[in-house]
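Visitor: pasting the structure only:
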């Protein structure tokens, strides 16, 4: 296998734009990696090999004809099943749709315009309902570090594709932790951006105020490069983020001396974090103190986000499920969720969005005394595959609670939050911490994560294979 599958986004662009390698050559190596690794791991639901070859060849011809290369020239990219790709069925991880969509989602259009090559679509649980990538339609997706365990979810297929080098970057979505959780499980950097930073067009929303799209990558700079391409609202977007600096510029500069508060206390009552997660958090706090930051343990008074989260969760799934062509083909658990969520009417959802604004005001009080809040990403370690087998809505939700105990609050509030890898634990699986920032302050998180990466580089699966 060539070294080209070990390259990240930035290095791929450097080589393709200088003519050291062709976009077609880069793609060929990644398609070979997919052919080798995907059958055992189940990261891709659809591989668009022929279309990707044509797209890569077009990138090479344009460069040969003197066109200026885009900022993602020749970079293979994977797209989560919930995001439209022209000519593909947007399955949401299930069997409810059967007709290919006529156009790319806006984020996919922006990726192509920047020179990226769309390789395929990645697995997810049906409608992204749970933080484990398992579905009746596409089966179980496995963690490449330990195949008996989950890669997390709901962007689990994307995480596996990136961690293994099948692609250098993949697009995911996060409505309760679905970028951060699989990033933590698979050793990747995953930033959930500020609400409204990335458009959901042509979809009106991703679970109303909860969801957003974003990339999963193996480095902070790679994520920043992609965000600078896909960020920005589109006409009709309900939510719009405030202005920020370039994420690439943020990744290149030192964060300065920050006040960093850390806490192992979960938002969800009754959840106890695994000792590994607490130890990694404390070790990272010591690392940051050694880097010159003002680091202190804090005791945030988290508001209860349930009344804001649940109506948007149930309403979001119902809206997506009721929009498919074949509702009867959906999983029984999804149909049960729709029945149980019948109370989530438009009026209830609007009240939940308003309640979320009050939750945000209370949650953001922690930033009166700190610049960044640091917590675990998950309370538990990645469980064995088969978490959802035989479960209904209630049991599946209960099994999910430890996994989303630190993440879902920040979807309700809209704050940016990132999963930053912190190496491997004794169980052979990656560890991570979550960095949460003030409203519209992704640049501080990017700068701090880049500093952590430089001071304590995390292991990459692509360096081993």
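Guide: Yep, that arrived. This is a predicted model, so every value here is computed, not measured. Numbers count the residues shown, from 1 in each chain.

Visitor: Strands of the stretch 251-400 of the chain, residue ranges please.
Guide: In the stretch 251-400 of the chain, the strands defined using DSSP state E, counting those that start in this stretch lie at 259-262, 294-297, 372-376.

Visitor: what does the longest one contact?
Guide: I take that to be strand 372-376. 258-265, 273, 277-278, 280-281, 284-285, 288, 298, 300, 366-367, 406, 432-437, 444-445, 448 (Cβ atoms under 8 Å, 6 or more residues apart in numbering). Every C-beta, even on glycine, is put in place using the N, C-alpha and C of the backbone.

Visitor: Within the sheet, what are the partner strands of that strand, with directions?
Guide: strand 259-262 (parallel), strand 430-437 (antiparallel) (DSSP bridges).

Visitor: Go through those and pick out the most buried.
Guide: Highest mean neighbour count among the strands paired with strand 372-376 (mean count of other Cβ atoms under 10 Å): strand 430-437, with a mean of 26.

Visitor: Show me what the next helix or strand after that strand is packed up against.
Guide: Following strand 430-437 in sequence order, the next helix or strand is helix 442-455 (DSSP states H and E). For helix 442-455, the elements it packs on are strand 189-192, helix 220-230, helix 247-252, helix 275-290, strand 372-376, strand 417-424, strand 430-437, judged by 3 or more Cβ pairs under 8 Å, 6 or more residues apart in numbering; DSSP states H and E.

Visitor: pLDDT of the fifth one, averaged?
Guide: Averaged across strand 372-376, the pLDDT comes to 98.

Visitor: between that strand and strand 417-424, how many degrees?
Guide: In terms of direction (axes from the mean of the first three to the mean of the last three Cα atoms, to 10 degrees), strand 372-376 departs from strand 417-424 by 50 degrees.

Visitor: tilt between strand 372-376 and helix 442-455?
Guide: Using the same axes, to 10 degrees: strand 372-376 against helix 442-455 is 60 degrees.

Visitor: Can you point out the buried residues in strand 372-376?
Guide: 372, 373, 374, 375, 376 (16 or more other Cβ atoms under 10 Å).

Visitor: Apart from its neighbours in sequence, what residue is nearest the second one?
Guide: By that I understand residue 373. Nearest non-adjacent residue to residue 373, counting by Cβ to Cβ, 6 or more residues apart in numbering: residue 436, 4.3 Å away.

Visitor: From residue 198, how far out is the spatially most central residue of the chain?
Guide: For the chain, the residue nearest the mean C-alpha position is residue 179 (2.0 Å; Cα atoms, centre = their mean). To residue 198, residue 179 is 11 Å away according to Cβ to Cβ, to the nearest Å.

Visitor: Find residues that contact each of the two.
Guide: residue 214.

Visitor: show me what contacts the closest residue to residue 427 other than its chain neighbours?
Guide: By the measure of Cβ to Cβ, 6+ apart, the closest residue to residue 427 outside its immediate chain neighbours is residue 381, 6.1 Å from it. By Cβ under 8 Å, 6+ apart, the contact list for residue 381 reads 274, 276, 277, 425, 427, 429.

Visitor: What is the neighbour count of the last one?
Guide: What that stands for is residue 429. The number of residues packed near residue 429 is 20, by other Cβ atoms under 10 Å.

Visitor: My understanding was that it contacts residue 147; is that so?
Guide: No: taking contacts as Cβ atoms under 8 Å, residue 429 lies outside contact range of residue 147: 11.1 Å.

Visitor: Excluding chain neighbours, what is closest to the residue nearest to the centre of the chain?
Guide: The nearest residue in space to residue 179 (Cβ to Cβ, 6+ apart) is residue 190, at 4.3 Å.

Visitor: who does the one you found bridge with?
Guide: residue 216, residue 419.

Visitor: which residues does it contact?
Guide: Shown in contact with residue 190 (Cβ under 8 Å, 6+ apart): 159, 172, 174, 179-180, 182-184, 214-217, 223, 418-419.

Visitor: Buried only: go through those residues for me.
Guide: Looks like those have 159, 172, 174, 179-180, 182-184, 214-217, 223, 418-419 buried, using 16+ other Cβ under 10 Å.

Visitor: What is the nearest of those residues to residue 115?
Guide: Checking the buried ones among the contacts of residue 190 against residue 115 by Cβ to Cβ gives residue 215 as the nearest, at 15.0 Å.

Visitor: how close does the residue nearest to the closest one when sequence neighbours are not counted get to residue 186?
Guide: With sequence-adjacent residues excluded and distances taken as Cβ to Cβ, 6+ apart, residue 215 is closest to residue 226, at 4.2 Å. Separation of residue 226 from residue 186 (Cβ to Cβ) stands at 17 Å.

Visitor: again, but for residue 78
Guide: 13 Å.

Visitor: Of the strands of the stretch 251-400 of the chain, which is nearest residue 92?
Guide: Nearest of the strands of the stretch 251-400 of the chain (Cβ to Cβ): strand 372-376, 28.7 Å.

Visitor: so where do the strands sit in the stretch 1-150 of the chain?
Guide: 44-47, 76-80, 117-122, 134-135, 139-140.

Visitor: and among the ones you listed, the most buried is which?
Guide: strand 76-80 (a mean of 30).

Visitor: That strand vs helix 220-230, what angle?
Guide: Going by the same axes, to 10 degrees, strand 76-80 makes 70 degrees with helix 220-230.

Visitor: partners of strand 76-80 in the sheet?
Guide: Strand pairing for strand 76-80, using DSSP bridges, gives strand 117-122 (parallel), strand 169-174 (parallel).

Visitor: what would those look like in CSV with distance to residue 312 and mean pLDDT?
Guide: Formatted as CSV, those follow (distance: least, Cβ to Cβ, whole Å; pLDDT from 0 to 100):
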stretch, distance to residue 312, mean pLDDT
strand 117-122, 24, 98
strand 169-174, 13, 98
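
Visitor: For residue 78 and residue 186, list the residues in contact with both.
Guide: Contacts common to residue 78 and residue 186, judged by Cβ under 8 Å, 6+ apart, are residue 162.

Visitor: how close does the residue with the largest distance to the centre of the chain get to residue 59?
Guide: In the chain, the residue that sits farthest from the middle, by Cα atoms, centre = their mean, is residue 65; the gap is 35.9 Å. According to Cβ to Cβ, residue 65 stands 11 Å off from residue 59.

Visitor: any common contacting residues for these two?
Guide: Joint contacts of residue 65 and residue 59 (Cβ under 8 Å, 6+ apart) do not exist.

Visitor: Now do the contacts for the residue lying closest to residue 188 once chain neighbours are set aside.
Guide: Take residue 188 and drop its neighbours on the chain: the residue closest to it by Cβ to Cβ, 6+ apart is residue 216, 5.1 Å away. Applying Cβ under 8 Å, 6+ apart, we find residue 216 in contact with 155, 158-159, 162, 169-172, 179, 182-183, 188-190, 223.

Visitor: how about the helices in the stretch 1-150 of the chain?
Guide: 9-17, 23-41, 49-64, 106-113 (DSSP state H, counting those that start in this stretch).
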